[in-house]
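Participant: following is a predicted model, sequence given first.
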Amino acid sequence: MTWAQHICGEGPPLILLHGWGMESRIFGPWLPQLASHFTCICLDLPGHGASPCAAGLFWDRSLDELAQILAAWSHPHLLGWSLGGLLALGLALRQPLNLASLQLVASSPCFVQRPGWPSALPEATLAEFAERLCRDPSATRQRFLALQILGDPAARARLPDTRQWPLPDRRCLQGGLDILATQDLRSILRPLDYPVTILQGGRDRIVPPAAAAAMATALGARYGLLADAGHAPFLSDPVACSRYLLEILS
C-alpha cells in the first residue's frame, strides 16, 4: 500500500481524503476540532505529500487501494473533499462498504459541464489546467488553489503556506485532472445503506451549490450549506463545519 497515513486523535475512525494538488496537511486547521471526537486518518493520495507516485493516479486502481485501506478499520466514517469526495463516492457506489457514514465536502458526481448539467466547470477550464500543467506544474497548482479560495477571505487567512509543500508528482497531478474531467457518476447515484452528508460552500467557484444539492437529493443525503464559504468550507469556518458534522453523526 503506497498511501501515506497521518493519524491523530481518539474515538471512532474518520478517514479523510484531500483534493487535487493538495495533501493531507490541508486539513490541519480543521483537525483540532475533529481529533477530540475521532481518530483522524488523513491520507495522502498517490504522488501527493508523503505518498510515492508508484503506478500513478488512476480511477480503478485508486478505488481498489482505497477499499483495502478502509478494510483495515472497523466501521469507519469516510470524508472526502473535492477530488477526494469523488473517489469516496465512486467507491461507495461501486461496492458495499462497512461505513459508519459518508461525508462529501465541496464535491460533485460530475465536475465538468455536460448536456443537462450546467452546474460544473467548463470542459475548457480543466483542459487549460492540463495544458498549463505541462509547462509549469507549481504555478498551475497555485492557480487552482487561488480559484478554490476566491472570494473567501476567511479560508485565505487559514490556508497553510502550500508553497513550502513538495510539488505532487506531475503524472499524478495529470491523473487527477483526468479523473475530474472524465468521471460522471450521475446515472448511478442512489441512496446508500448508511448516513450520507453533503457539506457545501455557497461561494464555491469549482462545485456550484446546485450540483451538490442535486447530488444530495439523489443520494437521499443531508445537505448543509455554508453560505459564505468557498470551495474549502473547513478552512472558511472549521468550527461550524465540525459542529454541523457532529450534529449529524450524533
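Facilitator: Everything's here; your move.

Participant: per-residue confidence for the residue of the chain most remote from its centre?
Facilitator: Going by CA atoms, centre = their mean, the residue of the chain most distant from its centre is residue 135, 25.5 Å out. Note on residue 135: pLDDT of 91.

Participant: got phi/psi on the closest residue in space to residue 2 that isn't next to it in sequence?
Facilitator: Leaving aside its sequence neighbours, residue 2 sits nearest to residue 54 (CB to CB, 6 or more residues apart in numbering; 4.5 Å). For glycine as for every other residue, the C-beta is placed from the backbone atoms N, C-alpha and C. Phi and psi for residue 54, reported as degrees, to the nearest 10, are phi 50, psi -120.

Participant: ok, residue 54 - contacts?
Facilitator: Going by CB atoms under 8 Å, 6 or more residues apart in numbering, residue 54 touches 2, 46-47.

Participant: hey, what's the spatially most central residue of the chain bridged with?
Facilitator: Geometric centre of the chain, nearest residue: residue 81, 1.9 Å, by CA atoms, centre = their mean. Residue 81 has these beta-bridge partners by DSSP bridges: residue 105.

Participant: thought it was touching residue 233?
Facilitator: No: assessed by CB atoms under 8 Å, residue 81 is found out of contact with residue 233, at 9.0 Å.

Participant: please enumerate the shared neighbours of those two.
Facilitator: Here residue 81 and residue 233 have 105-106 as joint contacts, going by CB under 8 Å, 6+ apart.

Participant: where does pLDDT dip in this protein?
Facilitator: Scanning the chain for pLDDT under 70 picks out the ranges 1, 250.

Participant: ok, which stretches of it are helices?
Facilitator: 31-34, 59-71, 83-94, 123-135, 137-149, 153-158, 170-182, 209-219, 233-236, 238-249 (DSSP state H).

Participant: buried residues in the last one?
Facilitator: The one in question is helix 238-249. For helix 238-249, a neighbour-count test (16 or more other CB atoms under 10 Å) marks 238, 240-242, 244-245, 248-249 as buried.

Participant: what does the fourth one give?
Facilitator: Within helix 123-135, the residues that qualify as buried are 125-126, 129-130, 133, counting by 16+ other CB under 10 Å.

Participant: alpha carbons of it, in CSV - could you do that?
Facilitator: Extracted C-alpha coordinates of helix 123-135, given in CSV (Å, rounded to 0.1, in the frame of the first residue of the first chain):
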residue,chain,number,x,y,z
GLU,A,123,-14.6,21.5,-20.0
ALA,A,124,-12.2,24.1,-21.5
THR,A,125,-11.2,25.2,-17.9
LEU,A,126,-9.8,21.8,-17.0
ALA,A,127,-8.2,21.4,-20.4
GLU,A,128,-6.4,24.7,-19.8
PHE,A,129,-5.2,23.5,-16.4
ALA,A,130,-3.9,20.3,-18.1
GLU,A,131,-2.0,22.4,-20.8
ARG,A,132,-0.5,24.7,-18.1
LEU,A,133,0.5,21.7,-16.0
CYS,A,134,2.9,20.6,-18.8
ARG,A,135,4.6,24.0,-18.7
